[in-house]
Structure formats: structure tokens, C-alpha cells
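In: need a 3D model of the following:
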Amino acid sequence: MLTENDVAVLCLRLNLAPQAQAVLSTIQSSPPSRRVGSGGKNVPVTYTSRKMGVTIQAESYKNELAGVYEMEHDPTVLAFYDQPPPIKLQYQAKSGRMVGVLHTPDYFVIRADALGWEEWKTEEDLVRLAEKMPHRYVHAEDGTWHCPPGEQVAAPLGFYYRVRSSCDIHWVFQRNLRFLSYYLRTDTPSVKEAAKEEAIALTASHPGITLAELLQRRDRATSDDIYTLLATEQIYVDVYAAPLAELEQVHVFCDEQTARAWATALAQDTFSDRSRPHTLLIEPGASVVWDGKPCTVLYQGQTTTTLLTEDRRPLEVSNSHFQALVAQGKLVGQASTPERGSLSVQVRERKSRGPCRGKSSLRHHSAGLRRTRTCRHDDPGTNDPILGSSIPRSGANTRLRVRRPFAKAASKRQSSSPYPGTCYDSAGRVCGTCI
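Out: Purely as a prediction, here's the structure:
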């Protein structure tokens with residue numbers, strides 16, 4: 001909850017005048033100025049707020065309550081008060097006569113960068129009210145609603161007055177928020193470390209895995225563990241994309257950065273240079289270009305890949321993010337052969353002078369490098385069970401080929417890459433067809 005010291009610091013930072021601070025103090029110390037009642041269409045409800053430590057009134061189950069949920073879980077909202085003391089609005093009526101009315105806004109909201117009154121209305125009611133009181137409710141060209149008399153009261157105090165429309169409510173987000181709020185309670189059992197590691201490992205190795213598949217593959221984690229990790233953002237899901245109840249439509253990632261990278265890749269209808277295959281060498285010393293900047297592959301492990309930037313700084317990225325960068329075309333193989341003094345050659349020579357001197361050394365393995373065949377699927381499209389997208393025929397016939405070192409004496413082919421396939425497709429996924 002917001003303390004007196006927090007309020008003092010906020011007032012100082014926002015440079016609020018003594019009059020504004022007195023109004024704020026009155027709002028904070030006053031109980032709700034009225035009890036909300038039911039009308040012809042609205043169903044009033046109450047919500048127990050952990051942020052405020054009190055019960056908050058909402059005049060409508062489908063409108064104001066959505067605003068309460070949003071403010072409760074918005075980290076930029078520090079506090080909010082329902083039915084604050086009324087303010088006087090003066091405006092010109094439709095008849096041309098000046099009128100003055102006492103108006104009780106729905107909420108007074110204290111945000112990290114501003115504070116003021118907020119009035120929630122359905123879009124239908126706003127259209128009707130604008131027709132009846134054109135100088136009180138105004139629809140701007142950008143689609144937002146304004147209350148000029150309310151803004152005239154708020155501006156001298158350094159406050160704001162906002163009209164919030166039901167059109168601003170994202171109902172998928174609201175539905176998911178209400179579901180996950182159960183797992184944000186203080187009495188929710190904590191997730192065991194083993195269950196957490198399992199969930200993170202599954203989402204890291206299978207970026208975009210559906211929630212249905214994640215729940216099926218779990219071994220140590222319970223379904224409540226998975227939802228608790230989602231609610232606390234220890235694994236990531238876009239709560240605006242699909243309802244969590246539709247398990248096959250929800251895609252889970254290890255973090256938001258990876259999710260955004262994959263979303264960008266999947267949103268692209270075409271990729272550059274699809275007509276010809278690319279060779280992307282995944283071995284220590286290989287040269288790649290990341291967003292126009294040359295880099296060198298230092299090491300690829302089971303979960304991460306380490307690159308050496310042009311200014312000789314090591315940079316570690318997750319393998320799932322690495323694949324997403326390939327899919328976006330931001331990370332490609334270097335077209336030209338590196339010169340003698342380049343970083344990739346230095347890394348290879350250093351690796352070849354390492355402790356391994358026998359036939360299993362990197363130099364010996366590099367002698368057996370071969371080019372894998374280009375993947376060509378006869379399917380008109382490939383339906384990915386994880387990302388739920390269809391890869392067109394032109395995309396399936398273009399693959400990013402990967403050279404793999406192998407030992408002549410080995411009975412089975414060995415790869416420096418942790419992935420089972422031999423190449424990446426044009427969407428950045430590892431191919432499991434070519435072995």
C-alpha cells in the first residue's frame with residue numbers, strides 16, 4: 001500500500017501545489033462518497049483489492065470491474081479510490097444555458113507519473129450522452145473521449161480527468177487476468193525448484209510450445225505449478241493473444257524476449273533470399289552476421305550459444321533466441337571467406353592448438369566436414385504442431401544448411417550442435433527430417 005512518505009515524495013516529484021496536496025489528502029482520508037446502486041442494465045459488484053487493502057466498488061460487472069482489474073494489476077498504478085468526493089462541473093447545456101452539477105467520478109487514480117479522476121462509460125452510453133450533452137462529452141478525431149468541464153477542474157491542480165470507454169477494454173486480457181489472479185494470492189503455494197527448472201527447460205528447448213503440450217509433457221511440475229509460473233511471469237505467455245482456457249491456442253516461451261523474436265519471424269510473409277539455400281556453420285570459429293554486425297561462434301551448448309562480437313566481447317544468447325534470429329534473417333552466415341587475420345580463423349587455430357592433439361582434435365574433425373543435402377519436402381505445406389503455422393511449399397524447399405564435423409572412426413555421426421537435425425529451415429526451426 002501507498003505510505004505517507006511515498007505520497008510526499010510523489011507530490012514533490014510532480015511539483016504539486018499545496019492546494020492540490022490538500023485535495024489529494026482529502027480524497028485519501030475520505031470513505032466512498034456514495035454506494036453504487038443497480039440500474040436498468042448494470043450489476044454492481046465489489047472487489048477485494050490486495051493493493052488497497054479494502055473492498056472496492058464497481059458500478060458495472062462488465063465495465064467498471066474491468067477497470068478495477070486493470071488498475072489492480074498495473075504496476076504503474078500506485079493506488080486508486082472508488083467514489084471520491086464529488087467535484088462541480090460547469091458547462092453549456094444543449095439549449096445554450098450554462099449549468100453546474102455535482103459529479104462523482106468512478107475513481108481517483110494515483111499513477112507513477114500522474115494522478116487524477118477517471119470516469120468509466122460504455123461506448124453506447126457515451127454516444128448517447130454526447131448527443132444529449134455535447135459540451136460535456138466530446139468524441140475526438142483520434143477516437144478518444146473527453147470531458148472538457150472535468151478537465152477544466154483538474155488542470156489547475158496538476159491533475160488529469162479521463163473518460164474511459166468500454167472500447168478500451170481488452171476482453172481476452174481481462175479473462176486471462178481473472179483466471180491468473182487466483183495464482184497471485186498470498187496463500188498460493190510456492191513452486192518447487194525442480195518443477196520450475198523443468199518448466200523453464202521445456203519452454204526453452206521448445207519455444208512456442210502450446211500450453212496443452214506443456215501440460216502433457218510435464219513430469220515433476222503440476223498444472224498449478226505451470227499456472228503459478230505464468231502468473232508470476234517466470235515463464236512467458238502473451239495474455240492478450242488467446243484465452244488460457246483454449247490450451248491449443250496458447251503458446252508459451254521461456255521469456256518475453258524470445259516470444260517477441262518468434263512473433264516477428266512468424267509475422268513475416270516472406271524471407272529474403274528464399275530462392276537459394278544458405279550455409280550457416282554451427283561450430284567454434286564460424287563467422288556469422290547478426291543484424292549487419294560480424295560475429296564469431298565461440299561455443300554452442302545444450303541451451304545457449306556464445307558469440308564473439310567485432311569488438312571482442314562475448315555475448316551469450318539462448319538457442320531458442322538464436323533460432324528466432326535466423327528465422328528473422330537477422331543472423332546469417334558470412335558470405336565471404338574470412339581472411340587470415342580474422343577472428344574466426346584465430347579462434348579455429350586456437351582451438352586446434354588446444355589440449356586435444358590426437359585424431360579427435362577439431363582440426364581432424366574439420367577435415368571431414370561435408371555439406372548436407374538441401375531439404376525438400378513434397379508436402380504443399382507443413383503444419384507445425386508447436387507454432388501452429390503453415391509453412392508454404394516455397395519455404396519448405398529452401399533450407400539453411402549446416403555443416404557438421406564428424407569422426408571417420410565413429411560408428412555414429414556426431415554433431416557439435418545439440419540439436420537432432422542437420423539443418424535449420426527458413427523459419428529458423430531445426431529440421432528433424434534430415435539426419
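
In: for stretch 148-156, list every residue counted as buried.
Out: Neighbour counts over stretch 148-156 (16 or more other Cβ atoms under 10 Å) mark 149-151, 153-154 as buried. C-beta here means a position set from N, CA and C on the backbone, and glycine is covered the same way.

In: now render these as TSV, adding pLDDT and distance to Phe108.
Out: Converted to TSV, the buried residues of stretch 148-156 look like this (pLDDT from 0 to 100; distance: Cβ to Cβ, whole Å):
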residue	pLDDT	distance to Phe108
Pro149	97	17
Gly150	97	12
Glu151	97	15
Val153	97	12
Ala154	97	10
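
In: redo those residues as JSON lines? Include distance to Glu256 and secondary structure.
Out: As requested, the buried residues of stretch 148-156 are arranged in JSON lines below (distance: Cβ to Cβ, whole Å; DSSP: H, G, I helix; E, B strand; the rest coil):
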{"residue": "Pro149", "distance to Glu256": "41", "secondary structure": "helix"}
{"residue": "Gly150", "distance to Glu256": "36", "secondary structure": "helix"}
{"residue": "Glu151", "distance to Glu256": "35", "secondary structure": "helix"}
{"residue": "Val153", "distance to Glu256": "39", "secondary structure": "helix"}
{"residue": "Ala154", "distance to Glu256": "35", "secondary structure": "helix"}
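
In: what is the nearest of those residues to Cys167?
Out: Gly150 (19.0 Å; Cβ to Cβ).

In: Leu126 versus the nearest residue to that closest one once chain neighbours are set aside, what's the distance?
Out: Setting aside the residues directly before and after it, Gly150 is nearest to Tyr161 in space (Cβ to Cβ, 6 or more residues apart in numbering), at 3.6 Å. According to Cβ to Cβ, to the nearest Å, Tyr161 and Leu126 sit 15 Å apart.

In: over to Thr303?
Out: Taken as Cβ to Cβ, the span from Thr303 to Leu126 is 51 Å.

In: also Ser95?
Out: Counting by Cβ to Cβ, the gap from Ser95 to Leu126 is 21 Å.

In: the more surrounded of these two?
Out: The residue with more neighbours, out of Ser95 and Leu126, is Leu126; 20 against 6, by other Cβ atoms under 10 Å.

In: mind listing what's buried in stretch 163-174?
Out: Neighbour-count burial for stretch 163-174, counted by 16+ other Cβ under 10 Å, picks out 163-166, 168-169, 173-174.

In: if you could redo that for stretch 251-266, that was the one I meant.
Out: Across stretch 251-266, burial judged by 16+ other Cβ under 10 Å covers 251-255, 258-259, 261-262, 265-266.

In: cool, and stretch 116-134?
Out: By neighbour count on 16+ other Cβ under 10 Å, the buried set for stretch 116-134 is 116-122, 125-126, 129, 133.

In: re the thing from before, can you redo the buried residues of stretch 148-156 as JSON lines with distance to Thr222?
Out: Below are those laid out as JSON lines (distance: Cβ to Cβ, whole Å):
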{"residue": "Pro149", "distance to Thr222": "54"}
{"residue": "Gly150", "distance to Thr222": "49"}
{"residue": "Glu151", "distance to Thr222": "50"}
{"residue": "Val153", "distance to Thr222": "52"}
{"residue": "Ala154", "distance to Thr222": "49"}
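
In: which one of the residues you listed is nearest to Glu64?
Out: Nearest to Glu64 among these is Gly150, at 16.8 Å by Cβ to Cβ.

In: the closest one reaches Glu118, doesn't it?
Out: No. Look at Gly150 against Glu118 with Cβ atoms under 8 Å: they stay out of range, at 9.9 Å.

In: list residues touching both of the two?
Out: Taking Cβ atoms under 8 Å, 6 or more residues apart in numbering as the criterion, Gly150 and Glu118 both touch 105, 161, 163.

In: which of those residues fall in strands?
Out: Residues from these lying in strands, with DSSP state E as the criterion: 161, 163.

In: looking at the shared contacts of Gly150 and Glu118, which one is closest to Thr26?
Out: Out of these, the member with the shortest distance to Thr26 (by Cβ to Cβ) is Pro105, at 14.1 Å.

In: count of residues packed around the closest one?
Out: Burial of Pro105 is recorded as 25 neighbouring residues (other Cβ under 10 Å).

In: helix, strand or coil: sort out the spatially closest residue to it that is not a sequence neighbour for me.
Out: Distances taken as Cβ to Cβ, 6+ apart put Trp117 closest to Pro105, at 4.0 Å, once the chain neighbours are dropped. Recorded secondary structure, Trp117: strand (DSSP: H, G, I helix; E, B strand; the rest coil).

In: OK, contacts around Trp117?
Out: Per Cβ under 8 Å, 6+ apart, neighbours of Trp117: 84, 87, 105, 107-109, 150, 154, 159-162.

In: related to what we said a few turns ago, now, among the buried residues of stretch 251-266, which is nearest to Lys51?
Out: Distances from Lys51 to the buried residues of stretch 251-266, taken by Cβ to Cβ, are shortest for Asp255, at 25.6 Å.
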